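[1] What follows is a protein structure lacking sequence information:
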């Protein structure tokens, strides 16, 4: 029986099986989580004390700052930045206790560069969805069929899924998942390598009259395969 928490995972795998151009199913889930988090943080929740404490402490990465600014809810962003700047000032000045304040400040600012409230929320929820996909593969007889129709998994999500599955699944079930996922990756990687190779050949005058086949966007597809597709571009 389908549960509420399994619905987004099933929907993502169904979507990529019907529309392979959507790519990695976990990237589809990532983009959905990202849109949801942007809606939440720019809505009424920005004024909730527990959330403001976290946004003050963590701040946002450049990509998510850009997405927030693109939504043009400037007052809400301004209010968050007002209190976030107070926190940044504390980090800039170092701790109030005795010690090497300069070194402490540099360390605190370095951690701030690596942190983002939205990224942390997405990564936490996406990890749960990867766990759900692994659970469904082992418990739902229909899910492996949907799983096998995925066009590919981007390498970061493939690694995360295989790593989690190797620790949580039974030996036989993990073997089935690994063989299916590895087969998908190997097939896609072979096709992608061929497309990129043909793309490069097309810049040789001897191939001017040859068709592009499926190579015109092969470089862009390679980037998505290697690094993920958080923006769906």
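    Now that the structure is in, tell me what you want to look at. Note that the coordinates shown come from a computational prediction; the quantities given were computed from them, not determined experimentally.

[2] Mean pLDDT per helix and strand in this protein: which one sits at the bottom?
    The least trusted helix or strand in the chain, going by mean pLDDT, DSSP states H and E, turns out to be helix 101-114, with a mean of 83.

[3] which residues sit in contact with the residue lying closest to residue 108 once chain neighbours are set aside?
    With C-beta to C-beta, 6 or more residues apart in numbering as the criterion, residue 108 has its nearest non-adjacent residue at 4.0 Å, and that residue is residue 91. Glycine gets a C-beta too; all of them are placed from N, C-alpha and C. Applying C-beta atoms under 8 Å, 6 or more residues apart in numbering to residue 91 gives the contacts 105, 108-109, 112.

[4] element containing residue 91, please.
    Taking DSSP states H and E as the definition, residue 91 sits inside helix 74-93.

[5] ok now that helix, how far from the chain's centre?
    Mean C-alpha position of helix 74-93 versus that of the full chain (C-alpha atoms, centre = their mean, to the nearest Å) differs by 26 Å.

[6] Check which residues of that helix are buried.
    76-77, 80-81, 84, 87, 91 (16 or more other C-beta atoms under 10 Å).

[7] Over to stretch 159-174?
    160-162, 165, 169, 173-174.

[8] mind listing the helices for the chain?
    7-18, 25-41, 49-58, 62-70, 74-93, 101-114, 117-139, 143-148, 155-168, 171-201, 218-227 (DSSP state H).
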